[in-house]
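sequence first, predicted model second:
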Amino acid sequence: MQIIKSLRNSFAELEAWQPGYQPMLQALLAGRGHAPDAAGKINQKPLEKTGSAYADQHLLPALAKTEKFLDQEF
């Protein structure tokens, strides 16, 4: 999510790609994520928003709710 937020600094219209993130979101909500310490993400801080409507309305709330991560290699 930090990457999306950072890219929006240069590309203001950039949006999280829903066809790519939707399967990840479904897997995360189905319990297939991992704890932050399982992949060296313990120091990553939660974001309040990225600026991407899809990420802010769907992805960030799911990450906060599950308190889990799912890597893009999924």
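Here it is on my side, so go on.

most remote residue from this structure's center?
Counting by C-alpha atoms, centre = their mean, the extreme residue of the chain relative to its mean C-alpha position is residue 10, 19.2 Å from that point.

any idea how far residue 48 is from it?
Shown here: residue 10 relative to residue 48, a distance of 20 Å by C-beta to C-beta, to the nearest Å. All C-beta atoms are positioned from the backbone trio N, CA, C, and that covers glycine.

now residue 50: which helix or strand?
Secondary structure here is read from DSSP states H and E; on that basis residue 50 sits in neither a helix nor a strand.

so the residue farthest from the centre of the chain versus residue 25, what's the distance?
Counting by C-beta to C-beta, the separation of residue 10 from residue 25 is 25 Å.

in the chain, which helix has the most residues?
helix 18-29 (DSSP state H).

tally of neighbours for residue 51?
Residue 51 is surrounded by 17 other residues when neighbours are defined as other C-beta atoms under 10 Å.

quick one: pLDDT of the closest residue to it other than its chain neighbours?
Distance criterion C-beta to C-beta, 6 or more residues apart in numbering; nearest residue to residue 51, sequence neighbours excluded, is residue 8 at 4.5 Å. The per-residue pLDDT reported for residue 8 equals 96.

check contacts around residue 8.
Counting by C-beta atoms under 8 Å, 6 or more residues apart in numbering, residue 8 makes contact with 14, 50-52.

would you mark the buried spots in the helix or strand where it lies?
Assignment of secondary structure by DSSP H and E places residue 8 within helix 2-10. Buried residues in helix 2-10, defined by neighbour count with 16 or more other C-beta atoms under 10 Å: 4-5, 8.
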